[in-house]
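Engineer: fold the following for me, if possible:
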Amino acid sequence: MSVKEPVAGFAVAVVREDGKWRCSALDAGALTGLDAAITELAKLRSTGAVFGLLAVDDEFFVIVRPSPRGPSLLLSDAAAALDYDIAADVLDVLRVAPPDEEDDSIWPEGDLDILADVGLPGPELEVIAGEVDLYPDEQLQMIAQRCGFGGEFTALLDEI
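Structural biologist: Okay, the predicted model is just below:
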């Protein structure tokens, strides 16, 4: 039986209800597999927007937005699927083949309009995901700022 090593990073649940944003930490297991992240997010009941922001190992981020018809997903770097289970899980759900090992290009895969209804259009999210000089936490901070929950997101990161 193999033992999975813990993955560095953080997983944050973001909820907007009654016009107010709330951020809370998800269990660290949400970084190791997509099913764990979806399960954690599904526990949150809200009439508003619910999604997860996952920064994995200073390498890439994942946005997960559960819905009754299946999760909407965005992986900031498709090549991460070669080294990380959660990234491979995202590509599996999206039915996208992982890139070749020789390909060192960075490109997002998934729904770029995943946060369009909360203030971040797809083209802007694509630009943020393409900022290769930024760490995932910095990219997610930009996303939080643009959507309007930057203060709540920063406060939570300071705690965890």
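Engineer: make it CA atoms for all contacts and neighbour counts henceforth
Structural biologist: Fine.
Engineer: biggest strand in this structure, by residue count?
Structural biologist: strand 9-17 (DSSP state E).
Engineer: pull out the buried positions in that one.
Structural biologist: Within strand 9-17, the residues that count as buried by 16 or more other Cα atoms under 10 Å are Gly9, Phe10, Ala11, Val12, Ala13, Val14, Val15, Arg16.
Engineer: adding pLDDT and distance to Glu159, write these out as a markdown table.
Structural biologist: Converted to a markdown table, the buried residues of strand 9-17 look like this (pLDDT from 0 to 100; distance: Cα to Cα, whole Å):
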| residue | pLDDT | distance to Glu159 |
| --- | --- | --- |
| Gly9 | 94 | 14 |
| Phe10 | 96 | 12 |
| Ala11 | 96 | 13 |
| Val12 | 97 | 12 |
| Ala13 | 97 | 14 |
| Val14 | 97 | 15 |
| Val15 | 96 | 18 |
| Arg16 | 94 | 20 |
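Engineer: wait, which of those residues is closest to Ala37?
Structural biologist: Nearest to Ala37 among the buried residues of strand 9-17 is Ala11, at 8.1 Å by Cα to Cα.
Engineer: tell me the angle the helix or strand of the chain with the lowest mean pLDDT makes with strand 9-17.
Structural biologist: When each helix and strand of the chain is scored by mean pLDDT, DSSP states H and E, helix 34-42 comes last, with a mean of 93. Computed by axes from the mean of the first three to the mean of the last three Cα atoms, to 10 degrees, the angle separating helix 34-42 from strand 9-17 equals 30 degrees.
Engineer: show me what the very next helix or strand once past helix 34-42 is packed up against.
Structural biologist: Downstream of helix 34-42, the next assigned helix or strand under DSSP states H and E is strand 50-56. Applying 3 or more Cα pairs under 8 Å, 6 or more residues apart in numbering; DSSP states H and E, we find strand 50-56 packed against strand 9-17, helix 34-42, strand 60-65, helix 136-147.
Engineer: quick one, strand 50-56 and strand 60-65 angle?
Structural biologist: Using the same axes, to 10 degrees: strand 50-56 against strand 60-65 is 170 degrees.
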